[in-house]
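J.: with the input below, show me the fold.
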Amino acid sequence: MSRSPLVIGHRGASAHAPENTLAAFRLAYEAGADGIEFDVRLAKDGVPVVIHDPDLKRTGHKQILVSEATSAELSKLDVGSWFNRQFPKRARAEFDNERVPSLVEVLELCKDHNGLIYIELKPSRTDSRMLAEAVCDLIRDSPLLPQIIVKSFKLGVIPIVRQLVPEVQVAALFEPIVMDYLRRRKHLLRLAREFGAQQISLHNALLTRKLAKLAAEQGMPVTIWTVDDRKIFKKAKKLGIYAVITNDPTKLLGESAIMTPSGI
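T.: Prediction:
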């Protein structure tokens, strides 16, 4: 992968398929993305599953908490039909069959590609260590390990992951609200280092020329999200940003990219 910045599918190609589904990940790869990004939570039986929200209200239209359903139960729930209803021009009949995938299923899909794999840990108040341990158990001996970047807003997860799988790259996640507590953006780098992160992942609103320069001087790759605007993409390129996470890899890579086998 020589492109700079790298283009990563946010929850897959989520502008074109229901987010965090196998369909969305396939479309991201087919669009030529340099990797995918997705969210992981623990199901009731301790199995890591790929879903953003703590419940199924938005993507499954069901009053079910992820933590109160087993992975087998979640694997039977429709999380694709909502996309067809909300985006009829992008609807596909096969999306109605999309279910909540397990982390194992997503990693199995990734085996055919050499792109980056950003795994965002979404722990609850009580299962941070359990989630970290479950994910680390799956990636520790995986041939995909060199491609994986584990990240989280909950920085306390980072040292746990580093202890369990020292070889994996870990990123500290920051959103704009963090500046209500930090006086200067340079402290983001210090905070990330203190928790043991080798990379940072920022909301694009936090990106400045000075921060990009400081990160480069410290050898800390920067990924920004969520980038669906080509102007922000060009800014990231100019500032030497490592990767951008986008809902629409096609838009950033060119309209001809969609549905063209990527070969990555």
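
J.: how much space between L116 and N204?
T.: As judged by C-beta to C-beta, to the nearest Å, L116 and N204 stand 18 Å apart. All C-beta atoms are positioned from the backbone trio N, CA, C, and that covers glycine.

J.: who has more neighbours, these two?
T.: L116 (23 against 19; other C-beta atoms under 10 Å).

J.: okay but the more buried one is in contact with A33, surely?
T.: No - at 9.3 Å, L116 does not count as touching A33 under the criterion of C-beta atoms under 8 Å.

J.: please enumerate the strands of this structure.
T.: Per DSSP state E, the chain carries strands over the ranges 6-10, 35-42, 48-50, 116-121, 148-152, 169-174, 199-203, 222-225, 243-246.

J.: nearest to Q163, out of the ones you listed?
T.: Closest approach to Q163 among these is made by strand 169-174 (10.7 Å; C-beta to C-beta).

J.: next, the buried residues of the lengthiest helix in the chain.
T.: Ranked by residue count and defined by DSSP state H, the top helix of the chain is helix 128-139. Residues of helix 128-139 classed as buried under the neighbour-count rule (16 or more other C-beta atoms under 10 Å) are 128, 131-136, 138-139.

J.: please apply the same query to stretch 62-70.
T.: Across stretch 62-70, burial judged by 16+ other C-beta under 10 Å covers 65-66, 69.

J.: wait, which of those is closest to R90?
T.: Out of those, the member with the shortest distance to R90 (by C-beta to C-beta) is V66, at 25.6 Å.

J.: what sits against the closest one?
T.: Going by C-beta atoms under 8 Å, 6 or more residues apart in numbering, V66 touches 41-43, 49, 51, 53-56, 74, 100.

J.: residue contacts, the closest residue to it other than its chain neighbours?
T.: Spatial nearest neighbour of V66, chain neighbours left out: R41 (4.9 Å); criterion: C-beta to C-beta, 6 or more residues apart in numbering. Going by C-beta under 8 Å, 6+ apart, R41 touches 48-49, 51, 54, 66-67, 122-124, 131.
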